[in-house]
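**Q** Sequence and computational prediction follow.
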Amino acid sequence: MAGTGSRKRARGWVVALVVLIWLMATAALILLADGRTVRFYVYGDEDITLEYGADFHDPGVYAVTVGNLFGESEKHLEIQTLGAVDSRRLGVYVLRYTTRFAFEDYSVERRVTVVDSTPPVIELKHVEGYEPSWMTGYAEEGYSAWDAVDGDLTGKVRRVKLDDRVQYTVTDSNGNTTTVERPLPNISYQPPQITVLGEQNLVMQAALWYDDAGASVSDALGRDLNDYLVTEGNVTPWVSGDYEIRYSITSELGETISAVRNVTVVPVPLPETVTPAEKTIYLTFDDGPSPYTARLLDVLDRYGAKATFFVTSQDPRYYDEIGRAYRAGHAIGVHTSTHDYNKIYASEYAFFEDFFKMEEVIKEQTGDYTRLFRFPGGSSNTVSNFNPGIMSRLTRAMTDLGYRYFDWNVYSGDAGETSKTTQIAKNIKDGCAQQKISIVLQHDIKDYSVAAVESVLEWGRANGYSFKALQLDSPGMHHGVNN
Ligand code: ZN
């Protein structure tokens, strides 16, 4: 019995083993057929773009197993996340999600790109009660610029002043640009108004002085800006011609407003010269009055002859003779006060100053100014050559001022050539005999020249000459100007 029982037990083991092997083989086949693996489910986008500085919340993933025969399991596998995102640093970050199943690692990735697409912020400051003006321009009230990535960008702001606003622009290191504008009050930006005082188109006769009436300027709010007014241009009032005086004001931003006065200087009118019909001798005496002038006036009176005196101030003791001559019907003309060539021909100013000093003496003596004169040395003199062109300028200026200058066409020779009275008288007679109209040059500071006059008057009367005083319309007998 024992033998039978032990065999039975042995056979039972074998069967069990076979069944076990079969079961295992079947299970292995089923597993193989199922082909179980891991499947990830990613929440959100696999590529995320994140703004600089923003909080990053990882949407996460989950993973399950999946097979051909039994599908997905319900159970979520344990996930490990590798990597991290720093939103304070621009760049690309990779998050790796991993899990382990059946002795094998599985993973999936997510890319997070931290970018800066936020432009800087510009903040404009405002000063209470501030009022800009055209003159001073808009004085910046202040601004600041800040960027999340670059920090303070105030120094990089480009500021552009436009007509009615100021524009501020700044760009951060990632190319994000911000522009803001500040509107400006219109009224203060209206340009100032320049008012030309007096006549804007002034026509004046030549004169020694020109006093410009000026201009005034105020801004649109009525504020006085005269301190900033610039006047350019000159009028040479004794030279006829067209002049321009320009008044302008320039703002601190370099904008200029201007107004113009046109000044036209016209010559003081002079009468046309009239050549006397009859034979005429204009006796002229320079450089007096002198101790001999009284005697000369007596002689002229006796003959009823009129003459012309081109006077100086060289001997004020005899100024009275100027008045006496004038009242006797003789003509008085200026010959300058000092007769000092180096002084009077140094400049127009110097000439005028000296000239009009003599005019005052004449006015005192005669009650009136004269408009007749003779240049010391004559208009053709070369003693003024030290000042090139002065005679050209003076002959024109004095004519523009309404003065008539007289040279001569008969020279007595009394200024050094001879001191003989008979020779002087002969020179004069010979000269006058050759022409119908004569202007004779003598000097009444020379007694030997004064002494020749009676003989000349006698000769002239005998030969049908009139002795006349020069007038504004008398022929000038101008020499050519040599300087
Ligand atoms: Zn002289």
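**A** Nice, thanks for sending it over.
**Q** could you list every residue that touches the closest residue to residue 214 other than its chain neighbours?
**A** Sequence neighbours aside, residue 197 is the residue nearest to residue 214 in space, at 5.3 Å (criterion: Cβ to Cβ, 6 or more residues apart in numbering). Every C-beta, even on glycine, is put in place using the N, C-alpha and C of the backbone. The neighbours of residue 197, taking Cβ atoms under 8 Å, 6 or more residues apart in numbering as the test, are 213-216.
**Q** Show me the domain layout of the chain.
**A** With domains defined by automatic domain parsing, the chain comprises 34-115, 121-183, 193-266, 280-467.
**Q** Report the distance from stretch 365-384 to the chain centre.
**A** Relative to the chain's own centre, stretch 365-384 is displaced by 44 Å; criterion: Cα atoms, centre = their mean, to the nearest Å.
**Q** what about the residue of the stretch 351-483 of the chain found nearest the ion, neighbour count?
**A** The ion sits closest to residue 376 of the stretch 351-483 of the chain, with a gap of 4.8 Å, by Cβ to the ion. Residue 376 sits with 22 neighbouring residues when counted by other Cβ atoms under 10 Å.
**Q** looking only at pLDDT, what's the mean for the biggest helix by length in the chain?
**A** Of all segments of type helix in the chain, defined using DSSP state H, the longest is helix 2-34. Here helix 2-34 scores 86 as its mean pLDDT.
**Q** what helices or strands is the next helix-or-strand element following that helix leaning on?
**A** Remark: after helix 2-34, the chain's next helix or strand is strand 37-42, criterion DSSP states H and E. In terms of contacts (3 or more Cβ pairs under 8 Å, 6 or more residues apart in numbering; DSSP states H and E), strand 37-42 is packed against strand 61-67, strand 91-101, strand 104-115.
**Q** Next one: the residue lying closest to residue 147 once chain neighbours are set aside from the ion, what distance?
**A** Of all residues not flanking residue 147 in the chain, residue 120 sits nearest, at 3.7 Å (Cβ to Cβ, 6+ apart). Computed as Cβ to the ion, to the nearest Å, the residue 120 to the ion distance reads 87 Å.
**Q** got the contact list for residue 120?
**A** So residue 120 contacts 145-147, 150, 153, 170-172, 176, 178 (Cβ under 8 Å, 6+ apart).
**Q** Would you mind naming what in the stretch 201-350 of the chain lies close to the ion?
**A** Taking Cβ under 5 Å from the ion as the contact definition, the stretch 201-350 of the chain meets the ion at 286-287.
**Q** per-residue confidence at the residue of the stretch 201-350 of the chain found nearest the ion?
**A** Distance from the ion to each residue of the stretch 201-350 of the chain (Cβ to the ion) is smallest for residue 286, at 4.0 Å. pLDDT, residue 286: 98.
**Q** Then the one 10 residues further on?
**A** According to the prediction, residue 296 has pLDDT 98.
**Q** likewise residue 160?
**A** The model's pLDDT for residue 160 equals 93.
**Q** Residue 186 now?
**A** pLDDT, residue 186: 61.
**Q** Same question for residue 198.
**A** 96.
**Q** Quick check: closest non-adjacent residue to residue 313.
**A** In this structure, residue 313 finds its nearest non-sequential neighbour in residue 337, 4.4 Å apart by Cβ to Cβ, 6+ apart.
**Q** Wait, the one you found touches residue 351, no?
**A** No. The pair residue 337 / residue 351 is not scored as a contact, 10.5 Å apart, by Cβ atoms under 8 Å.
**Q** hey, what's in contact with both of the two?
**A** Shared contacts of residue 337 and residue 351 (Cβ under 8 Å, 6+ apart): none.
**Q** Number of residues surrounding residue 389?
**A** 11.
**Q** Run through the residues that contact residue 339.
**A** Counting by Cβ under 8 Å, 6+ apart, residue 339 touches 287, 312, 314, 376.
**Q** Now, those that are in helices?
**A** Applying DSSP H to the contacts of residue 339, no entry is found in helices.
**Q** and these as TSV, adding distance to residue 80?
**A** Shown next, in TSV, are the contacts of residue 339 (distance: Cβ to Cβ, whole Å):
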residue	distance to residue 80
287	128
312	124
314	126
376	120
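**Q** farthest pair in these?
**A** Taking Cβ to Cβ, the two most distant members of those are 314 and 376; they sit 11.0 Å apart.
**Q** circling back to that earlier point, buried residues of the longest helix of the chain, list them for me.
**A** Within helix 2-34, not a single residue qualifies as buried, counting by 16 or more other Cβ atoms under 10 Å.
**Q** next one: stretch 414-432
**A** Residues of stretch 414-432 classed as buried by neighbour count (16+ other Cβ under 10 Å): 414, 418, 421, 423-429, 431-432.
**Q** neighbouring contacts of it?
**A** Identification of contacts with stretch 414-432 by Cβ under 8 Å, 6+ apart yields 281, 409-413, 438, 440, 442-443, 446, 448-449, 451-452, 455-456, 459-460, 465.
**Q** Strands - which of those residues land there?
**A** Among the contacts of stretch 414-432, the residues falling in strands (DSSP state E) are 281, 410-411, 438, 440, 442-443.
**Q** Present these as JSON lines; the columns should include pLDDT.
**A** Putting the ones in strands among the contacts of stretch 414-432 into JSON lines (pLDDT from 0 to 100) gives the following:
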{"residue": "281", "pLDDT": "98"}
{"residue": "410", "pLDDT": "98"}
{"residue": "411", "pLDDT": "97"}
{"residue": "438", "pLDDT": "98"}
{"residue": "440", "pLDDT": "98"}
{"residue": "442", "pLDDT": "98"}
{"residue": "443", "pLDDT": "98"}
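**Q** Select only the buried ones of the residues you listed in ChimeraX?
**A** Those of the ones in strands among the contacts of stretch 414-432 that count as buried under 16+ other Cβ under 10 Å are selected in ChimeraX with:
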select :281,410,411,438,440,442,443
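**Q** nearest to residue 138, of the ones in strands among the contacts of stretch 414-432?
**A** Proximity of the ones in strands among the contacts of stretch 414-432 to residue 138 (Cβ to Cβ) peaks at residue 443, which lies at 74.8 Å.
**Q** how close does residue 279 get to residue 437?
**A** 8 Å (Cβ to Cβ, to the nearest Å).
**Q** Kindly report the same for residue 311.
**A** 23 Å.
**Q** quick one, which of those two is more surrounded?
**A** Taking neighbours as other Cβ under 10 Å, residue 311 and residue 437 compare with residue 311 leading, 32 against 18.
**Q** Out of the contacts of residue 197, name the ones that lie in strands.
**A** Those of the contacts of residue 197 lying in strands (DSSP E): 215-216.
**Q** Would you mind giving the contacts of residue 197 as JSON lines with pLDDT and neighbour count added?
**A** Formatted as JSON lines, these follow (pLDDT from 0 to 100; neighbours: other Cβ atoms under 10 Å):
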{"residue": "213", "pLDDT": "96", "neighbour count": "12"}
{"residue": "214", "pLDDT": "97", "neighbour count": "15"}
{"residue": "215", "pLDDT": "97", "neighbour count": "23"}
{"residue": "216", "pLDDT": "96", "neighbour count": "15"}
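**Q** Would you mind listing the buried residues in stretch 81-101?
**A** By neighbour count on 16+ other Cβ under 10 Å, the buried set for stretch 81-101 is 85, 87, 93, 95, 97-99, 101.
**Q** any idea where the helices of the chain begin and end?
**A** 2-34, 293-303, 319-327, 341-344, 348-366, 390-400, 421-433, 447-450, 453-462.
**Q** out of those, nearest to residue 70?
**A** helix 2-34 (5.9 Å).
**Q** that older thread, so which of the domains of the chain is nearest residue 20?
**A** Residue 20 sits nearest to domain 34-115 of all the domains of the chain, at 20.8 Å, using Cβ to Cβ.
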